[in-house]
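[1] the sequence and its predicted three-dimensional model are supplied below.
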Amino acid sequence: MHQQVSRIFFGIDIAGFNRADRSDGVGIVMRRAIYDALQRSLDSAEIPPECYELLDRGDGIMTVLGPPADIGGLIRTTVPTLAAALHAYNKLAHQSHRIRLRATLHCGQVVRDEHGYAGRDISHAFRLLDSPELRTALAESKADMVVAISDTVRRLMPPDSARRALTPVLVTTKESSAQAWFTEVAPDPALSR
């Protein structure tokens, strides 16, 4: 019998990964860039590698985090550091190599079996990441990253400026609709160096 455990899901996905002007070689460069940026952002929050798994999605990554990772650390440190690394990469990248990311942050219960993770909460994280509403938000934004935060995560956030900056969006998933909260992530200039 498999046991349910609580986990945090932080997913990122490269917009337009398979565009006609992007060869497989460009895709490899972009994948390396997001892996490096994500690793740097997790390190910045002092989350040890044994506390998370990176699930490769081809054009993105779903990070499944256990303790001691926490929502506050991800929002305060990991997300801004990722945005700063993305900004630094894009400043030097050729136009066809520039990366824009959709991201999602959710938490809940998951079951681990011999094939990986399963459960409604990880499915919800994937559906937020792939939602038409998040795709549209990034397409209409000037930011390089837009994050969909689940209602579950928002309720866990302190009532600070980060929470007040969230925009409510009703997201349509395969089976239903769900409340989510979107935010554009501008890089902190101090982190972009």
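    All right, it came through fine.

[2] okay, and the nearest residue to Arg40 once chain neighbours are set aside sits in which element?
    Spatial nearest neighbour of Arg40, chain neighbours left out: Ala85 (5.4 Å); criterion: C-beta to C-beta, 6 or more residues apart in numbering. To be clear about C-beta, it is placed using only N, CA and C from the backbone, and glycine gets the same treatment. For Ala85, the element it lies in under DSSP states H and E is helix 79-92.

[3] which elements pack onto that helix?
    With contacts defined as 3 or more C-beta pairs under 8 Å, 6 or more residues apart in numbering; DSSP states H and E, helix 79-92 has these neighbours: helix 24-44, strand 101-113, strand 145-150.

[4] just to revisit the earlier point, distance check, the residue nearest to Arg40 against Ile12.
    11 Å (C-beta to C-beta, to the nearest Å).

[5] try Thr136
    Thr136 is 17 Å from Ile12, by C-beta to C-beta.

[6] who's more crowded, these two?
    Ile12 (25 against 12; other C-beta atoms under 10 Å).

[7] OK, contacts around the more buried one?
    Ile34, Leu38, Gly60, Ile61, Thr63, Leu82, Leu101, Arg102, Ala103, Leu129 (C-beta atoms under 8 Å, 6 or more residues apart in numbering).

[8] return the helix or strand in the chain with minimum mean pLDDT.
    When each helix and strand of the chain is scored by mean pLDDT, DSSP states H and E, helix 161-164 comes last, with a mean of 78.

[9] for it, which positions count as buried?
    Ala162, Arg163 (16 or more other C-beta atoms under 10 Å).

[10] now stretch 119-133
    119, 121-131, 133.

[11] out of these, who's nearest Leu42?
    Ala125 (16.6 Å; C-beta to C-beta).

[12] surely that closest one is in contact with Ile61?
    No: Ala125 lies out of contact with Ile61 (C-beta atoms under 8 Å); the separation is 11.9 Å.

[13] in JSON lines: the helices and strands packed on helix 79-92, plus mean neighbour count and distance to Leu156.
    What follows is those, written out as JSON lines (neighbours: other C-beta atoms under 10 Å; distance: least, C-beta to C-beta, whole Å):
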{"stretch": "helix 24-44", "mean neighbour count": "16", "distance to Leu156": "19"}
{"stretch": "strand 101-113", "mean neighbour count": "21", "distance to Leu156": "7"}
{"stretch": "strand 145-150", "mean neighbour count": "26", "distance to Leu156": "10"}
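
[14] may I see the ones you listed arranged in TSV, with mean pLDDT and distance to Ala93 as well?
    Listed next are the helices and strands packed on helix 79-92 as TSV, based on pLDDT from 0 to 100; distance: least, C-beta to C-beta, whole Å:
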stretch	mean pLDDT	distance to Ala93
helix 24-44	94	8
strand 101-113	95	13
strand 145-150	96	15
